[in-house]
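>>> predicted model and sequence below, questions to follow.
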Amino acid sequence: MFTNDGKLDASELAKILAIAERDGELDQNEIRVLTSIIKRIKPHEVDGAMQKQLAEITQKIESVEAP
């Protein structure tokens with residue numbers, strides 16, 4: 001499922017998001033884990049696909065946290 005190269009790519013991040021959304025929503029614990037993972041992404045790992053995935057996750061997190 002995930003490669004063991006020490007780097008996170010957009011498809012792996014998408015799989016993590018899919019696991020978090022499996023029950024149909026993001027809870028605060030899932031948001032905490034996703035945020036922690038995102039903080040560990042190195043600048044050299046961010047390509048166009050990763051930028052798109054990060055934007056999607058940010059939008060989903062913001063929609064949950066918005067009143």
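Thanks, I have it. Residues are numbered from 1 along each chain as shown.

>>> counting neighbours, what do you get for Leu26?
Residues lying near Leu26 (other C-beta atoms under 10 Å) number 19. For every residue, glycine as well, the C-beta is placed using N, CA and C.

>>> pLDDT at it, what is it?
Looking at Leu26, its pLDDT stands at 93.

>>> right, and it touches Ile19 too?
No. Using C-beta atoms under 8 Å, Leu26 is not in contact with Ile19; the gap is 10.9 Å.

>>> skipping adjacent residues, who's closest to Met50 in space?
Ala10 (4.6 Å; C-beta to C-beta, 6 or more residues apart in numbering).

>>> what residues are up against that neighbour?
The neighbours of Ala10, taking C-beta atoms under 8 Å, 6 or more residues apart in numbering as the test, are 47, 49-50, 52-53.

>>> please identify the buried residues of the strand or helix carrying Arg32?
For Arg32, the host element (DSSP states H and E) is helix 28-39. The neighbour-count check on helix 28-39 (16 or more other C-beta atoms under 10 Å) flags 30-31, 34, 38 as buried.
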